[in-house]
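A.B. asks: Here's a sequence, model it:
(chains A and B)
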Amino acid sequence: MGLKNIKNWSVEIEKKITDKWKKAELYNFNSRTKKKVYSIDTPPPYVNAPIHIGQAITYCFMDMIARYRRMKGFEVLFPLGLDRNGLPIEIGAEKKFKVSPFKIGREKFIECCRKLLNETSTETTDTFSKMGISFTSYKEGKHIGGIYKTDSPEYRTLTQTTFIGLYKKGLVYEDTRINNWDIKLQTTVADSEIEYKDIESTFNDIKWKIKGTGEEVVIGTTRPELICTCGMVIYNPDDKRYRHLNGKKVLSPLFNKEIPIKSHPMADIGKGTGLVMMCSAGDLSDIQFFREQGLKPVIAINKHGTMNEHAGFLNGLKIREARTKIIEELKKKGLLVKQEKITHRTPISERSGAEIEFIEMPEYYLKQLKFKNEIKKISKKINFYPKSSKKILDDWLNSISIDWPISRRRFYATPIPLWGSGDLIALPKPGKYYVPWKEQVPKNADVYIINGTSKDGKKIGFVKDFPDKEWKGEERVLDTWMDSSISELFIIKYKSDDKFFKKVYPVTLRPQGKEIVRTWLYYTLLRGYLETGKPCFKDVWIHQHILDEKGHKMSKSLGNIIDPQEILKDYGGEALRFWSAIEGDLSRGDFSSSKEKIRAELKTLNKILNVSKFVMLFNKPKKPRLTELDKTFIDYIEDLTEEFDKSYETYDFHHPALKLRRFLWEIFASHYVEIVKSRAYNNDKKFSKEESDAAKYTLHFLLERFLVLLYPILPQITTTIAEEKKINLLKFEWPKSKKGKSNLKLIYEIMDFNSSVWKKKKDAGISLRNEIKGIKIPKGLDKFKKDLISAHNIV
RNA sequence: GGUCCUGUAGUCCAACGGCUAAGACGGCUCGUUUACACCGAGUAGACCGAGGUUCGAUUCCUCGCAGGACCACCA
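C.D. replies: Down below sits the predicted model:
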């Protein structure tokens, strides 16, 4: 592309490069390679929304990792996945086409989801391409490293195959339990899909009567509509006020149900009146309590979020209405003592924003409790970057208290591959994609009988052995995380290319955000362990959040979104990449993004361009004998080479980027170039040919090495310049460096000296090219005397 | 409540326990010097607070304060 013709680095230049790269498939994976494999389990973005700035930045980092590893001689597997399963897609379809799956039916709704997905196909990959991301492939397909979609038959087959395997091992069971229920989406959700928000609610003090004595006690609650589900009233064993009530019964207000009173440490003396009504629907800890006490839960809320027959006069009302109504009733009867506004941490469904209710439903579970310790053990074998991020995983592991509910009552997801007939379950053969809700049961499917107590199935034959049975296809689907948690297995061809899988497992790196440690990372470790018994990753790199300029989370409602597409359009991928690296260490802290600062990095790109143009004015001679000055600067960049190797290897691109920028502006351009300019031109023949050649050689050497070191961060501009020098950086190997000789202090001394001369000339009002008298070269810089005198025109 | 991370100029971000605390963006003042006005040269501006360890602390330790995160609890 002729460096001379490029005035400024621009988006147009980038477009030519990235278009070429995208078509050329430069980074295809050679499965017969003898190199070591470096594999990256990239996070598949959801395709129904454009890439946001956070994803853009993290993919920049992943690309730096991939490019560095290629230089280090690895065969790099860096695939792009597209997540197309699950609730986000369904919610998108519901909004876009203004439909409800419960009204238009399953088939039509799935069509809507497909329609939505087809429209959003290429935007995501285009964005990545513009950023210069070196995915193994930009083509979809079954080849190793091809773009994969999580809703493809191949992917869903693997999800089902692993499900079938888990079922056979007795790790999947169905149970009817109280669970997190999303009223909006009409499905059970897992604990990991819940977030907590502070919502204002009212704390109501209500009078209750002790049976027999008629004594009145006051109990506080935020959920008075659940009084009908109260199974016990408790107080703290140390609470003297209520000791005399132990073993007595209390009558629930309005319902007059007899409820036992007991002491229990869960009650806190200081909170409320010290008495707690234990309901079977408040939250999961209540449910645990019911189990512990052997109480039978009463479920008063149905799956649509309305009260049922257990709620007596509240039957048929929505939860909120029921709450208002019962408070009215209590007021009328004079049973409401006091009301107080409090903020209450309320469980919210992450996907829909609906308040979670606790409702009893039969769901499939994957056993996870019994593997907690194993997962802890294998996670110790994984390197976490930064180390402290492992704590997030440990905290989560410690808090897991129930098995993983994996069935969902939704539609656009992997179907659960089961058919049922009474207490029999038909489990098809693995390796195929099944859609039980609209397909006949395969005759060769295994038949299991469900044992009522253990919940585990026992195999008793095949479907063909039960010709009289009518089989009903399972209608539920699998939790999206059941798909996502095998991404690392899918990309290395688990169950489809055993030889390759064995060679490459465990996957080298999982890069991901801290907010999905408890979902994506944890579930992947669990699934990987259940499939292989081993840790599935060597390294895990956890990044923090990308915030707006003011350090706030970006969100549509705040209107502070920075759109990477816009940045790419205005400033290009290289500016975005360089800014990402310069801005901070993403694994250590959150980072704030600002368009202004990204724009500012364009200056650096042009500086690189211009310095290169200058160096290219000279031909690179064969290596001559170098001067002390030349050696000093070469030693320094050799040291940087060594240092950056270590940084890049530990996923630190921030510090090298800072030092490279400094090297470019401060050390190389402002000082080395300025000093040796006259020696390189050598117009007045003050220097010998060898001395002049030494300057030219060193200019080229420093520039080349600079480009090589910068290449992982800025691939487009560095390769463009290197091409001019007949160097192909895409295939360049990391240089073997000679270390330990650099003398930065000496370089600073040179820089100080230069500055002082420039200042003197400026103060004297003379041009920098003019002669200056009376300057003494400092002792330490004696060996550079000839260069310094010539550079400053000292007489 | 528990745990973790982070506190350096207006903003962002550096600095093996030691020298004048670096650089960028933004200010201000000058200036076209054969790669570069997306430039060059200057200039103003900062270590959250209190103890401790040390000859010496921005750096290490303790406590506090502030911001962020995760977990638990919240009747």
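A.B. asks: going forward, measure contacts between C-alpha atoms and count neighbours the same way
C.D. replies: Noted.
A.B. asks: Quick check: the residue of the stretch 401-550 of chain A nearest RNA strand B.
C.D. replies: Residue nearest to RNA strand B within the stretch 401-550 of chain A (Cα to the nearest atom of the strand): A:Glu515, separated by 5.2 Å.
A.B. asks: State the distance from that residue to A:Ser612.
C.D. replies: 42 Å (Cα to Cα, to the nearest Å).
A.B. asks: neighbour count winner among those two?
C.D. replies: Each of A:Glu515 and A:Ser612 has its neighbours counted (other Cα atoms under 10 Å); A:Ser612 has more, 23 against 14.
A.B. asks: Could the C-alpha coordinates of stretch A:391-402 be exported in PDB?
C.D. replies: The C-alpha trace of stretch A:391-402 is given here as PDB (Å, rounded to 0.1, in the frame of the first residue of the first chain):
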ATOM      1  CA  LYS A 391     -12.300 -15.900  45.400                       C
ATOM      2  CA  ILE A 392     -15.500 -15.100  43.400                       C
ATOM      3  CA  LEU A 393     -15.700 -18.800  42.500                       C
ATOM      4  CA  ASP A 394     -14.900 -20.000  46.000                       C
ATOM      5  CA  ASP A 395     -17.600 -17.800  47.500                       C
ATOM      6  CA  TRP A 396     -20.100 -19.200  45.000                       C
ATOM      7  CA  LEU A 397     -19.100 -22.800  45.600                       C
ATOM      8  CA  ASN A 398     -19.600 -22.300  49.300                       C
ATOM      9  CA  SER A 399     -23.000 -20.900  48.900                       C
ATOM     10  CA  ILE A 400     -24.500 -23.600  46.700                       C
ATOM     11  CA  SER A 401     -27.300 -25.200  48.600                       C
ATOM     12  CA  ILE A 402     -29.500 -27.100  46.200                       C
END
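A.B. asks: on that earlier part again, before we go further, the residue of the stretch 401-550 of chain A closest to RNA strand B is sitting in a helix, right?
C.D. replies: Yes - with DSSP: H, G, I helix; E, B strand; the rest coil as the criterion, A:Glu515 is part of a helix.
A.B. asks: Let me see the contact set for it.
C.D. replies: Not one residue lies near A:Glu515 by Cα atoms under 8 Å, 6 or more residues apart in numbering.
A.B. asks: Now do the contacts for the residue nearest to A:Leu478 when sequence neighbours are not counted.
C.D. replies: Leaving aside its chain neighbours, A:Leu478 sits nearest to A:Ser407 (4.8 Å; criterion: Cα to Cα, 6 or more residues apart in numbering). Counting by Cα under 8 Å, 6+ apart, A:Ser407 makes contact with A:188, A:363-365, A:416, A:476-479.
A.B. asks: Quick check, pLDDT for the residue of the stretch 401-550 of chain A closest to RNA strand B.
C.D. replies: Here the pLDDT value assigned to A:Glu515 is 83.
A.B. asks: A:Thr650 too?
C.D. replies: Reported pLDDT for A:Thr650: 91.
A.B. asks: again, but for A:Phe618
C.D. replies: 94.
A.B. asks: Confirm it sits in a helix?
C.D. replies: No - A:Phe618 sits outside any helix when classified using three-state DSSP, being coil.
A.B. asks: Next one: it from RNA strand B, what distance?
C.D. replies: Distance, A:Phe618 to RNA strand B, using Cα to the nearest atom of the strand, to the nearest Å: 10 Å.
A.B. asks: So that residue sits against A:Thr698, correct?
C.D. replies: No - counting by Cα atoms under 8 Å, A:Phe618 does not reach A:Thr698; the two are 11.1 Å apart.
A.B. asks: which of these two has more neighbours?
C.D. replies: Counting neighbours by other Cα under 10 Å for A:Phe618 and for A:Thr698 shows that A:Thr698 has the greater number, 28 against 16.
A.B. asks: returning to what we had before: quick one: buried ones out of the contacts of A:Ser407?
C.D. replies: A:188, A:363-365, A:416, A:476-479 (16 or more other Cα atoms under 10 Å).
A.B. asks: Quick check: which of these are also close to RNA strand B?
C.D. replies: Among the buried ones among the contacts of A:Ser407, none lies close to RNA strand B by the criterion of Cα under 7 Å from any atom of the strand.
A.B. asks: Would you reformat the residues you listed as TSV and include pLDDT and secondary structure?
C.D. replies: Shown next, in TSV, are the buried ones among the contacts of A:Ser407 (pLDDT from 0 to 100; DSSP: H, G, I helix; E, B strand; the rest coil):
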residue	pLDDT	secondary structure
A:Thr188	76	strand
A:Glu363	86	strand
A:Tyr364	91	strand
A:Tyr365	90	strand
A:Ile416	97	coil
A:Arg476	94	coil
A:Val477	94	strand
A:Leu478	94	strand
A:Asp479	90	coil
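A.B. asks: Quick check: the farthest pair among those residues?
C.D. replies: Using Cα to Cα, the pair of these lying farthest apart is A:Thr188 and A:Ile416, separated by 14.8 Å.
A.B. asks: three-state assignment of A:Ile356?
C.D. replies: Under three-state DSSP, A:Ile356 comes out as strand.
A.B. asks: meant to ask about A:Arg510, not that
C.D. replies: strand.
A.B. asks: Might you report the residue contacts of it?
C.D. replies: If you count contacts by Cα under 8 Å, 6+ apart, then A:Arg510 has A:40-42, A:537, A:539-541 around it.
A.B. asks: give me the subset of the residues you listed touching RNA strand B.
C.D. replies: Okay, of the contacts of A:Arg510, nothing touches RNA strand B (Cα under 7 Å from any atom of the strand).
A.B. asks: now the residue lying closest to A:Thr222 once chain neighbours are set aside, which residues is it bridged with?
C.D. replies: Distances taken as Cα to Cα, 6+ apart place A:Phe203 nearest to A:Thr222, at 4.7 Å, with adjacent residues excluded. On the basis of DSSP bridges, A:Phe203 is bridged to A:Glu340.
A.B. asks: isn't A:Phe203 right up against A:Gln339?
C.D. replies: Yes - using Cα under 8 Å, A:Phe203 makes contact with A:Gln339 at a distance of 5.7 Å.
A.B. asks: any idea how far the nearest residue to A:Asn308 once chain neighbours are set aside lies from A:Trp208?
C.D. replies: In space, and not counting its chain neighbours, A:Asn308 is closest to A:Asn315: 4.8 Å by Cα to Cα, 6+ apart. Note on A:Asn315: its distance to A:Trp208, by Cα to Cα, is 22 Å.
A.B. asks: More neighbours: these two, which one.
C.D. replies: Legend: neighbour count by other Cα under 10 Å for A:Asn315 and A:Trp208, higher for A:Trp208 (20 against 16).
A.B. asks: Just the pLDDT at the more buried one, thanks.
C.D. replies: pLDDT for A:Trp208: 90.
A.B. asks: Tell me the secondary structure of it, please.
C.D. replies: Per three-state DSSP, A:Trp208 ends up strand.
A.B. asks: Quick one: residues contacting it.
C.D. replies: Counting by Cα under 8 Å, 6+ apart, A:Trp208 has contacts A:216-219, A:250-253, A:335.
A.B. asks: May I ask which two of these are separated the most?
C.D. replies: A:Val250 and A:Leu335 (14.4 Å).
A.B. asks: Those two: which has the busier surroundings?
C.D. replies: A:Val250 (25 against 17).
A.B. asks: Just to be sure, that one is in a strand?
C.D. replies: Yes - applying three-state DSSP, one finds A:Val250 inside a strand.
A.B. asks: The closest residue in space to it that isn't next to it in sequence: what's it in contact with?
C.D. replies: Leaving aside its sequence neighbours, A:Val250 sits nearest to A:Ile210 (Cα to Cα, 6+ apart; 4.3 Å). Counting by Cα under 8 Å, 6+ apart, A:Ile210 makes contact with A:216-217, A:248-251.
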